[in-house]
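Chemist: show me the folded form of this:
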Amino acid sequence: MLVQKEYSETCWIPISDEELRQNEEWQQMIEKAESAGLSETMIHNTICLYQTDDNNWYGKLYEETTFKKLLQNIKNHGYSLPTRREWEYLAGKGCRTIFPWGNNIDFSMNLKHMEWMDNDGEYTLEKENFFGLIIGDDPYCREIVYDEGEFSYKGGDGGRNICGGLGVMWGYLPVSPYFQDSEMVIGDNINGGYDFFRRVVRINDNMK
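Modeler: Take a look at the predicted model:
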């Protein structure tokens with residue numbers, strides 16, 4: 001199996017540089033953001049304008065889509081979504097513990113959304129794992145998986161546990177390879193703020 005190294009966001013469509021320069025409203029938004037010392041400005045589920053390290057501004061528009069449309073687009077380009085069990089193996093390599101590193105939180109790790117832990121440097125879980133993947137690194141970013149006509153999530157709960165004040169252990173439990181939210185209800189439309197996907201290619205003996 002060939003696997004996309006990092007997950008991709010959903011629903012957001014890049015704006016071309018030329019279109020961004022010619023749109024007066026967007027340029028005014030950028031000017032206001034710069035005057036306020038901000039590197040990003042957003043209208044919820046509409047547009048996001050952001051400045052990168054090269055000091056240039058870029059933008060993306062929100063386009064509502066469904067799980068079925070996302071899957072069809074992925075298939076049209078020759079890829080697939082991982083199944084639930086495939087994702088679990090990619091994240092845990094068949095580990096028999098709650099997390100790939102053990103049954104408890106390692107408090108020496110620098111974890112996103114846990115700034116009070118006072119760790120320095122890059123986030124620990126954003127480093128490549130044993131397969132060279134960035135996976136199960138952020139409870140806010142749940143990945144879409146697909147099993148025989150059924151969509152579900154792995155790798156996050158949209159940040160519900162963290163926002164609920166449940167602390168580090170329960171907050172990060174959703175990134176466990178084996179966590180599954182039995183109460184999660186998935187409708188037709190994707191939530192572009194929290195739903196992400198990872199392309200895979202399955203290689204078998206029949207492929208040439």
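
Chemist: and the closest residue to Y194 other than its chain neighbours, what's its pLDDT?
Modeler: In this structure, Y194 finds its nearest non-sequential neighbour in G158, 4.2 Å apart by C-beta to C-beta, 6 or more residues apart in numbering. All C-beta atoms are positioned from the backbone trio N, CA, C, and that covers glycine. What the model reports for G158 is a pLDDT of 92.

Chemist: count of residues packed around G158?
Modeler: Applying other C-beta atoms under 10 Å, we find 19 residues neighbouring G158.

Chemist: do the same with E122
Modeler: Here the number of neighbours of E122 (other C-beta under 10 Å) works out to 9.

Chemist: my understanding was that it contacts N110; is that so?
Modeler: Yes - using C-beta atoms under 8 Å, E122 is in contact with N110, at 7.0 Å.

Chemist: wait, doesn't L90 sit right on F130?
Modeler: No - the criterion here is C-beta under 8 Å, and L90 misses it with F130 at 9.7 Å.

Chemist: ok, the two, which is more surrounded?
Modeler: Applying other C-beta under 10 Å to L90 and F130 shows that L90 carries more neighbours, namely 23 against 10.

Chemist: neighbouring contacts of the one helix or strand that one maps to?
Modeler: Taking DSSP states H and E as the definition, one finds L90 inside helix 84-92. For helix 84-92, the external contacting residues (C-beta atoms under 8 Å, 6 or more residues apart in numbering) are 1, 3, 82, 99-100, 129, 131, 133, 135-136, 143, 145, 147, 152, 154-155, 175-178, 180, 198, 200.

Chemist: same question for stretch 138-146.
Modeler: Defining contact as C-beta under 8 Å, 6+ apart, one finds that stretch 138-146 is touched by 7, 10, 67, 70-71, 80-84, 86-87, 112-113, 125, 135, 151-159, 161-162, 171-172, 174-175, 190, 194-198.

Chemist: ok so, going back, by how many degrees do the next helix-or-strand element following the helix holding L90 and helix 84-92 diverge?
Modeler: Downstream of helix 84-92, the next assigned helix or strand under DSSP H and E is strand 142-147. Relative orientation of strand 142-147 versus helix 84-92 (axes from the mean of the first three to the mean of the last three C-alpha atoms, to 10 degrees): 140 degrees.
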